[in-house]
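Sequence and predicted structure, then a few things I'm wondering about:
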Amino acid sequence: MPTLDDKHWFTEVEDGAGSAFSLRIRRKLHEERSDYQTIEVYETEQFGNLMVIDGFTMLSSRENFLYHEMLAHPVLLTHPAPERVCIIGGGDCGTLREVLKHDSVTQATQIDIDERVTRVAEQFFPELTASNGDPRAKLLFADGIQWMADAEPGSLDVIIVDSTDPVGPAQGLFTADFYGDCRRALADDGLLVQQSESPLYHLDIITSMHEDLRSAGFGAVQTLFFPQTIYPSGWWSATMAAAGERIPDFRRIDAGELLDTTYYNADIHAAALAQPEFVRRRLASIE
């Protein structure tokens, strides 16, 4: 459980891994209980504002670019021509902002069950929600699992699952049934990407995702890796899956599609796909 001690350190404890992460807090800016979860915002000394949901760190002003860029750009620069994009979750709208940096995208629909996350982000993280007024953006506040089950077959090019940990409302986003609905909603060359936790602490989750994605009909699955300072272990991952038989190679950015990024570029893309040996061995054992 997270704690805030008398010296103003906010600490999130990862009991299973025997570790913890702390940030020094100046003051609490906001707290509310929505219909789904408890949302808090703190002002930190070095990381700007910090959003916490149900006691778990979600993002800070200082480092959120790592997660949002790596969830959006690798998949969009792997798909040959991404136009129709769906984001499941992502209520802080940072991933949506990154998606809309791609000129090829004609429609980006974000479905998050909790509208309050977006409204809190608008107040305390306006830089993340700055693109919400883009005419290509459509924000829906609904059950993403049901929305995907009802989606028209072949209607999407890219699905981005920007979820919290696989507990509570997000648990159903890590199942073969959900992946089967995603596969049906994707065009034949479609791609899915989902945040997939820490390779150091949660390799069982990554392994299960690979198995479930393949059983749901995805032809190829690849996990990519990146730093993520405020999440357990500081090392995070996203897992990409192809509706077709293979994941395409990186698509070079042309002159009209230069991206305003802080972390992501072509070299980072290539490096992120390198497989640590212990991960490679584990995933090879299930193929």
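Great, that's in hand.

And the strands in this structure, which stretches?
3-4, 9-14, 19-33, 38-44, 49-53, 56-60, 84-89, 107-111, 137-140, 156-162, 186-195, 220-227, 235-242 (DSSP state E).

the inter-axis angle of the last one versus strand 186-195?
The reference is to strand 235-242. 170 degrees (axes from the mean of the first three to the mean of the last three C-alpha atoms, to 10 degrees).

what about the protein, any weak spots by pLDDT?
1-6, 168-169, 253-258 (pLDDT under 70).

Tally up the residues packed near the closest residue to residue 152 other than its chain neighbours, please.
Nearest residue to residue 152 in three dimensions, chain neighbours excluded: residue 185, at 7.1 Å (C-beta to C-beta, 6 or more residues apart in numbering). The C-beta positions use only the backbone N, C-alpha and C, and glycine is treated the same way. Using other C-beta atoms under 10 Å, the number of residues around residue 185 comes to 23.

Just list whatever residues bridge to the residue positioned nearest the centre of the chain.
By C-alpha atoms, centre = their mean, the chain has its centre lying nearest to residue 162, at 3.2 Å. Beta-bridge pairing for residue 162 (DSSP bridges): residue 89.

List the contacts of it.
Residues in contact with residue 162 (C-beta atoms under 8 Å, 6 or more residues apart in numbering) are 71, 87-90, 95, 195.

Is it possible to get a markdown table of these that adds neighbour count and distance to residue 242?
Converted to a markdown table, these look like this (neighbours: other C-beta atoms under 10 Å; distance: C-beta to C-beta, whole Å):
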| residue | neighbour count | distance to residue 242 |
| --- | --- | --- |
| 71 | 26 | 17 |
| 87 | 26 | 18 |
| 88 | 25 | 18 |
| 89 | 23 | 21 |
| 90 | 28 | 21 |
| 95 | 28 | 20 |
| 195 | 25 | 18 |
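
ok, so of the residues you listed, who is nearest residue 14?
Residue 14 lies nearest to residue 195 out of these, by C-beta to C-beta, at 16.4 Å.

Which residue, other than its chain neighbours, is closest to residue 286?
Closest to residue 286 by C-beta to C-beta, 6+ apart is residue 211, at 5.7 Å.

what's around that neighbour, how many residues?
For residue 211, the count of nearby residues is 15 (other C-beta under 10 Å).

from memory it sits against residue 287, does it?
No. Using C-beta atoms under 8 Å, residue 211 is not in contact with residue 287; the gap is 9.7 Å.

chain center to stretch 177-191: distance?
Here stretch 177-191 is found 17 Å from its chain centre; the criterion is C-alpha atoms, centre = their mean, to the nearest Å.

what domains does the record give for this structure?
3-60, 64-284 (automatic domain parsing).

Of these, which stretch is the most buried?
When you average the neighbours per residue for each of the domains of the chain (mean count of other C-beta atoms under 10 Å), domain 64-284 leads with a mean of 19.

Spatially nearest residue to residue 33, not counting backbone neighbours?
residue 39 (7.8 Å).

In contact with that neighbour, which residues?
Contacts for residue 39 (C-beta under 8 Å, 6+ apart) come out as 30-33, 51-53, 116-117, 120.
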